[in-house]
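Participant: Just to be clear, the model below is a prediction. Sequence and coordinates:
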Amino acid sequence: MTSNTAFIGRQPVLNRNQQLIGYELLFRPSSDALGVGKHSELQADTDVLVNTLNNMGTSWLIGNKLAFINVGEAMLNSEFLELLPPRRIILDLSPRITPSNELLSRARHLRSMGFGIALDDFSFESQAAAFLELANYVKLDIQNQDATRFQMQAARLRSYPLIRIAERVETHAQFHLCKELGMDGFQGYYFAKPETLAAKVIHPAFSNTLELLNLLRMDADIRDIEHVLKRDVALSYKLLRYVNSAAAGLNTAISSFSHAVTVLGYQKLYRWLTLLLVTASDDNNAPPALQKTAVTRGRFMELLGLVQGEPHDFNDNLFIVGLFSLLDVLFDMPMDKIIEHLQLPAPVSDALLHGRGPMSHYLRLARACEDGQLDGVPQLCEQLGLSSAQLNEAHISALAWVEELGL
């Protein structure tokens, strides 16, 4: 697993009443997400976009609003788009896209899936006019043309069933003109300068992703697939996020990795992994210490549950609690923001968020053993009915198991 920081530029998009309807999102792998006065040069970076939205989802970025995402020709053709939640995403097509029958067909397909289509920096003379019949939104750049031409373009668009947004509105005079022309929405420095948010993106190990693909090709036993998932915190987190998204409408929480694989199915899991493989790290060296600690903690807690004779699902959830208990550090985000994207069983959420419930006792014990806070260990063991010998044996077994994994 590798990690890097994604910086996200976010600029409000407003309606005629200056009420927020969404944000234009701009993604960069470093803090240059927002170039001063260079809005038109900013394009969504494919790798950062997909990883950020797959890791974090959209709710922490946009709440219940729309996300306008810059899309060039390569991104428009990318299957990565199909991993995003279509009802919340507006694909902001670049004016530099060269239309073709294939691209028009692709845009039509994405719209049928529920994605919105916006035409950025539009003019009737541009090549993007070929996409006009598919557009839900058209953006007119008030800085990129004189007032007369802007008025002509705006007037001509009134006959189309779409929302007209004036972008790069920077002065009161420009805002007043846009309102007089009956523009439906606005975006620009006059209302709010873009703000930069940051999120840490974590990548699953390339080798683990490849191993899972091979297992699926061989139609391997689900236990072998579960074994690989358990040793990669990034991969398991992404899978549970994706399954909960793909399984929208299910009224049951995903209770284990095997349950997640069963719900998704081998074919869909294989497709998802092939897309994920593009963003997996090609670094086959030992992962960072934090990931090793998370995997060890999960296995340690799972073994303690086995000693106690807990049910299989309970022990599997103990592993998830331990594995995910360091996600806030790995993502550099509050735990509640991370796991709100997962439909986790209530006992798992309670342990991770509030430190309560039966699984929280195992988590406190595992942390105490890791931190060397041994004064409290006897009391925690007594609460769980564990002897010191059982504790030590489980801890040693967990450490040995992780070493055998090559972590």
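Facilitator: Now that the structure is in, tell me what you want to look at.
Participant: Where does pLDDT dip in the stretch 1-150 of the chain?
Facilitator: Applying pLDDT under 70 to the stretch 1-150 of the chain flags residues 1-8, 27-61.
Participant: which stretches of it form helices?
Facilitator: Under the criterion DSSP state H, counting those that start in this stretch, the stretch 1-150 of the chain carries helices at the ranges 46-56, 59-62, 73-77, 101-113, 147-157.
Participant: helices and strands around the very next helix or strand once past the last one, which ones?
Facilitator: The C-terminal neighbour of helix 147-157 among helices and strands, as given by DSSP states H and E, is strand 163-167. Using 3 or more CB pairs under 8 Å, 6 or more residues apart in numbering; DSSP states H and E as the contact definition, the elements that strand 163-167 packs against are strand 137-141, helix 147-157, strand 185-186. C-betas here are computed from N, CA, C, even on glycine.
Participant: would you list those in JSON lines and tack on mean neighbour count?
Facilitator: As requested, these are arranged in JSON lines below (neighbours: other CB atoms under 10 Å):
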{"stretch": "strand 137-141", "mean neighbour count": "24"}
{"stretch": "helix 147-157", "mean neighbour count": "15"}
{"stretch": "strand 185-186", "mean neighbour count": "22"}
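Participant: Columns distance to Arg108 on top of the ones you listed, output as a markdown table?
Facilitator: A markdown table is the format used below for the helices and strands packed on strand 163-167 (distance: least, CB to CB, whole Å):
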| stretch | distance to Arg108 |
| --- | --- |
| strand 137-141 | 16 |
| helix 147-157 | 20 |
| strand 185-186 | 24 |
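Participant: Indicate which one of the ones you listed is closest to Glu211.
Facilitator: Closest of these to Glu211 is strand 137-141, at 42.9 Å (criterion: CB to CB).
Participant: now for that closest one, which elements pack on it?
Facilitator: The helices and strands touching strand 137-141, judged by 3+ CB pairs under 8 Å, 6+ apart, are strand 116-119, helix 147-157, strand 163-167.
Participant: Which among the helices and strands packed on strand 163-167 is found nearest to Leu210?
Facilitator: For those, distance to Leu210 was read as CB to CB. The smallest value, 40.0 Å, belongs to strand 137-141.
Participant: Now do the contacts for Leu216.
Facilitator: 225, 266, 269-270, 273 (CB atoms under 8 Å, 6 or more residues apart in numbering).
Participant: Most neighbours among these, which one is it?
Facilitator: Counting by other CB atoms under 10 Å, Leu269 has the largest number of neighbours within the contacts of Leu216, with 23 neighbours.
Participant: which stretch of helix or strand covers that one?
Facilitator: When elements are assigned from DSSP H and E, Leu269 belongs to helix 266-277.
Participant: Just after that helix, pick out the following helix or strand.
Facilitator: That would be, after helix 266-277 and using DSSP H and E, helix 289-307.
Participant: how about that next one: buried residues?
Facilitator: Of all the residues in helix 289-307, those buried under the rule 16 or more other CB atoms under 10 Å are 290-305, 307.
Participant: ditto for stretch 221-234
Facilitator: Neighbour-count burial for stretch 221-234 flags 225-226, 228-234 (criterion: 16+ other CB under 10 Å).
Participant: pLDDT on it, on average?
Facilitator: The predicted model assigns stretch 221-234 a mean pLDDT of 89.
Participant: Compute the first-to-last residue distance for it.
Facilitator: End-to-end distance of stretch 221-234: 22 Å, with CA to CA, to the nearest Å as the criterion.
Participant: which residues touch that stretch?
Facilitator: By CB under 8 Å, 6+ apart, stretch 221-234 touches 1, 202-205, 208, 211-212, 215-216, 235-236, 239, 256-258, 261-262, 291, 294-295, 298-299, 319, 323-324, 326-327, 330, 402, 405, 407.
Participant: Buried only: go through those residues for me.
Facilitator: Among those, those classed as buried by neighbour count (16+ other CB under 10 Å) are 1, 202-205, 208, 211-212, 215-216, 235-236, 239, 256-258, 261, 291, 294-295, 298-299, 319, 323-324, 326-327, 330, 402, 405, 407.
Participant: Tell me which helix or strand Met359 sits in.
Facilitator: When elements are defined using DSSP H and E, Met359 is found to belong to helix 358-371.
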